[in-house]
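Trainee: Just to be clear, the model below is a prediction. Sequence and coordinates:
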Amino acid sequence: MSKKKQPFKDNWDHLAAEFAYLDLLMRREVLRWRRGLPKQTQDIFKPVYIADREIDQLLGEVSNSNPTEFEDIEPSTAAARDEIEQRKQISLERGVALFLVQLTNIFRLTPTEEQIVMICLAPEFDLKYERVYAYLQDDISRRRVNVDLILRLLRRPAAERGQLRSLLSPQSVLFRSHILSYVESSEQHLPARAIKLDDRISSFLLGVGGIDGEIASCIRILKAEDNQPALDRTSDLRSKLREISAEHFRAPLQSTVKLIFHFHGRDGTGRKLLASEICGDLGVLLLIVDLRELLERSQNFEVTLRRVFREGILRPAAIYLDHFEDLLQEEAKANAFLRVVRSCVDDFAWLTFIGSEKPWEPAGLFGQHRFLTLEMPLPDVTARAELWRVLATQHGIDLGPSSCAELAAKFRLSPGQMKKAITTARDQAHLRADQSEITLEDVHAGCRAQSNQRLATLSRKLNPAFTWADIVLPPNAMNQLRDICGQMQHRQTVYGNWGFGEKRSLGVGLCVLLFGPSGTGKTMAVEIIANELKLDAYKIDLSTVVSKYIGETEKNLNRLFSEAETSNAILFFDEADALFGRRSEVKDAHDRYANIEINYLLQRMEEFEGLVILASNQRKNIDEAFFRRMHFAVEFPFPDRAERLAIWKQHFPTSAPVANDIDFNFLAEQFNVAGGNIKNIAVNAAFLAAANSGQIKMKHVVLATRREFEKIGRLCTAADFAPYHGLLLETDMSANHGQTGP
């Protein structure tokens, strides 16, 4: 009566039995090997020789050494194999985790391939196997098993040796899955090539956690318990996707037909969150792969990506390919990258997510596999206001409905960016010594920190210091500037609540042209608008935007508008003639590409959701196509006498030591200059006074005026300064006598 077989206690118990079986295989080969050796021992080679006695000790002593022992050991190996297989079956029925069996099932290995894996695993478990392998290869330097030794250990009939050898070729599943790899050497013939088990596979079989070091910096693992609740606006969508996933994995063809989801939308719109929720329903991990990081770090994209996908089936985990658009940037490489992705999906994947900012069509890349694409849009202003309310409640911030509505209308942030903005606001509040409560201003600062992060490379941020009281313009121009602010403040009411945006296929942004002579206050007006709307304003640096290389200008403009859209930042194009000038007749390639740039700029302006302000000295310099798209065209005329008088008075602060002898009426009447020139004169007069009397007098203003006229090339006559011409003569005489100041 045979003894009832017992299950393995655990994975280690199973591996111990497998190694004991391997010892029998090696004992069999040792005995066969010794048959063909000379009977005398070559002791003179002892320094590079492994003694028979040492091998017998490593493999365990035998009962006798008669010539028939080789034949007698064969039944022992067969019995040991049968016992292991029976115990494996009982262990699996009782739920014992056996990692070798898991590996076999994952990669659909044959029993022979499973034994090859164990032969290569042995040196990773016990260094004694290195000595035995060297002994059997008759070379102490060969501590890795080679193809020939594996064939000998697994002894098969001659008819099966060709098939067995194919299992160790580069095209076999063991090598394509990177379970095995050849050790670099000068050996060219397959039987002599040494083989190594992959470190990650060794760790898996031995029950040791961790990620392959080559891919560790490019991936992170998201567990189901890490999920955060999403907005209710996607609840129906999430339910539908969960239903699709569940149905797919219940289908009989799910092992050959893979499921691929493509989520596209801006960062922070919940692409990864939705993927993790689907994985949570399936009870698996989500392995997020940063393709941008992988491309930068990997020396061999195909090998590294295959290791990543292999990690997904070892855990098991679904694969999320983040920043997928980076694979498509270079057309020459894109097709090769996509073929690698297809190969990984075919060989390893079961559930794959692709994340990108823009839509993408695979055009038959994935063949029979199921490919579902879904846009993840930004939440509308109503949803953003609700999310601000939820976030404020969670973090104990006092934000009323009006503040939430203001933040929602002002900043077109994704949910992920909104959460980061709250974190930034909290950190900023903690830096204050007087209080640690988060204020609305802190949240504004946090929102600005999440947007505008790349605008500084193509523009210069303005620091608004002016208010409505600082600018002097005709009533019509002032009213238009206030109307601009009003349209920006009430866009949601008109376009959203009142439905005027339902029929608009393009953006709901605002395009404004400010035109007039230099120094009439166009830049000041931009700062006032930014102050009124509490928005950041960026003055575009045309030298960094316009490029001589074909297509680069369009790329820079796309970066500029895309980044500005995240926060409704005001884009200010000063001296706009350089970019928005009239299109010319196409006479050569230069004209054609210049017109393409203008056409692209027209397109981006129409799609832009924020405020774009152009400034030009003359309205006629702007292309008619741009002018038709302007919502406002505000003229900044040369100031008349009354306006100049107000400007003169405004440019002398109340804190400045201004003498009573300054004749503002004379200055406004006599000198027909713009506000910018008046500002220069006032500042220069102040410096002249600081170097002389310490009080700003009429003589300082007159001298500063003459120097301003000389700078701009305007002719000065005695009549221009009458009746104050004598002050100039007095100053000139003082200079001739060597005095340092006026």
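Mentor: Nice, thanks for sending it over.

Trainee: Give me the pLDDT for the nearest residue to residue 173 once chain neighbours are set aside.
Mentor: Computed as CB to CB, 6 or more residues apart in numbering, the closest residue to residue 173 that is not its neighbour in sequence is residue 107, at 6.0 Å. C-beta here means a position set from N, CA and C on the backbone, and glycine is covered the same way. Here, the pLDDT recorded for residue 107 equals 92.

Trainee: Please verify my assumption that residue 107 contacts residue 177.
Mentor: Yes - in this structure, residue 107 is within contact of residue 177 by CB atoms under 8 Å, at 5.5 Å.

Trainee: residues near residue 291, how many?
Mentor: By other CB atoms under 10 Å, 24 other residues sit near residue 291.

Trainee: returning to that earlier point: so what's the residue nearest to residue 173 up against?
Mentor: Neighbouring residues of residue 107 by CB atoms under 8 Å, 6 or more residues apart in numbering: 173, 177, 179.

Trainee: Show me which of the residues you listed is closest to residue 322.
Mentor: Checking these against residue 322 by CB to CB gives residue 177 as the nearest, at 23.7 Å.

Trainee: so who does the residue nearest in space to the middle of the chain touch?
Mentor: Closest to where the C-alpha atoms of the chain average out (CA atoms, centre = their mean) is residue 323, at 5.9 Å. By CB under 8 Å, 6+ apart, the contact list for residue 323 reads 290, 291, 292, 355, 356.

Trainee: One more: residue 557?
Mentor: Contacts of residue 557 by CB under 8 Å, 6+ apart are 545, 597, 600, 601, 604.

Trainee: Based on its surroundings, how many neighbours for the closest residue to the last one other than its chain neighbours?
Mentor: Ranked by CB to CB, 6+ apart and with sequence neighbours excluded, the top spatial neighbour of residue 604 is residue 561, at 4.7 Å. For residue 561, the number of neighbouring residues by other CB under 10 Å comes to 21.

Trainee: try residue 275
Mentor: For residue 275, the count of nearby residues is 25 (other CB under 10 Å).

Trainee: wait, isn't it in contact with residue 261?
Mentor: Yes - proximity of residue 275 to residue 261 meets the contact threshold set by CB under 8 Å, at 7.0 Å.

Trainee: okay, and for the stretch 601-742 of the chain, where does confidence drop off?
Mentor: 730-742 (pLDDT under 70).

Trainee: ok, which stretches of it are strands?
Mentor: 611-616, 632-635 (DSSP state E, counting those that start in this stretch).

Trainee: Could I get those strands in TSV, plus columns for mean neighbour count and distance to residue 113?
Mentor: Shown next, in TSV, are these (neighbours: other CB atoms under 10 Å; distance: least, CB to CB, whole Å):
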stretch	mean neighbour count	distance to residue 113
strand 611-616	24	64
strand 632-635	17	74
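
Trainee: can you give me the helices in the stretch 201-350 of the chain?
Mentor: Along the stretch 201-350 of the chain, counting by DSSP state H, counting those that start in this stretch, helices occupy 235-250, 271-282, 291-297, 301-314, 331-347.

Trainee: any idea how far the fourth one is from the chain center?
Mentor: This means helix 301-314. Distance of helix 301-314 from the chain centroid (CA atoms, centre = their mean, to the nearest Å) equals 20 Å.

Trainee: Then the first one?
Mentor: For helix 235-250, the distance from its own C-alpha centre to the chain's C-alpha centre is 28 Å (CA atoms, centre = their mean).

Trainee: For it, which helices and strands make contact with it?
Mentor: Counting contacts by 3 or more CB pairs under 8 Å, 6 or more residues apart in numbering; DSSP states H and E, helix 235-250 is packed against strand 259-264, helix 271-282, strand 370-375.

Trainee: Model confidence for the residue nearest to the centre of the chain, exactly?
Mentor: 94.

Trainee: ok, it to residue 291 distance?
Mentor: To residue 291, residue 323 is 5 Å away according to CB to CB, to the nearest Å.
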